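**Q** What follows is a predicted protein model with its sequence.
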Amino acid sequence: MKTFSRLLFPSLLIGKKIEDDLSDVLKWAYSLRDTDPAGAKISNEGGWQSHPCLREEGSGPLCELLTREVGEVIAEQMPLNPGYGLGIESAWVNISGDGAFNWEHDHPLCFYSGVLYLRAPEGCGDIRFMAGGLPSTAGVISDECRRMYNIYGSWTVTPRAGLLLLFPADLRHRVEVNRSGEDRVSVAFNLALDIG
Ligand SMILES: [Fe+2]
């Protein structure tokens, strides 16, 4: 019998590097913090997180940018069946100074989630996605095979300004400690199904 393999139940991480000038959105993010210094407290430790910001004054350029870029990534990397769409249901700003991090979490009751980095200095903290099951095979299978199928206990992505990531909302993740000495600034968001 010929041997075979099939990759089961993958978690699809998709994204792109946005080349637009994001300085106005970055300025707007800091202005949000100025108007609400207490912010919200969810998964962040040591940083500032806004309340849902899509209806805040000045959010227009961010909404436009996210709608356009998220739409392009989904169309190219994860096309949907006719009659289905994804809309940005909520978004919030994270400003994480030196030493700040985010505890492991997921985004319940949503379809997909994402993050757009507005500012990401060297060493500002990778985002780490956690394997769903117990990766009991990870230490036994050859390195070559693990590389081929991404058989790992977790997977990190190093943020860069302009990097947009989309991932399943139930994929658990955390953000490592910012050791850059500067702020890491991002916009996180949830996508909900829009059934036309
Ligand atoms: Fe998150």
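**A** Nice, I can see it.

**Q** got the CA coordinates for stretch 73-86 in CSV?
**A** Extracted as CSV, the C-alpha positions of stretch 73-86 are listed here (Å, rounded to 0.1, in the frame of the first residue of the first chain):
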residue,chain,number,x,y,z
VAL,A,73,-6.5,39.5,2.5
ILE,A,74,-9.7,37.5,2.9
ALA,A,75,-10.4,37.6,-0.9
GLU,A,76,-6.9,36.4,-1.7
GLN,A,77,-6.1,34.0,1.1
MET,A,78,-9.4,32.7,2.4
PRO,A,79,-12.3,33.3,-0.1
LEU,A,80,-15.8,32.9,1.3
ASN,A,81,-18.8,31.2,-0.2
PRO,A,82,-21.2,33.5,-2.2
GLY,A,83,-23.6,35.3,0.1
TYR,A,84,-21.1,35.5,3.0
GLY,A,85,-19.0,38.4,4.1
LEU,A,86,-17.0,39.5,7.1
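
**Q** tell me the SS of Asp34?
**A** Put simply, Asp34 is helix when judged by DSSP: H, G, I helix; E, B strand; the rest coil.

**Q** got it, and Arg147?
**A** helix.

**Q** Report the separation between it and Ile141.
**A** Distance, Arg147 to Ile141, by C-beta to C-beta, to the nearest Å: 10 Å. From N, CA and C alone the C-beta is placed, and that goes for glycine too.
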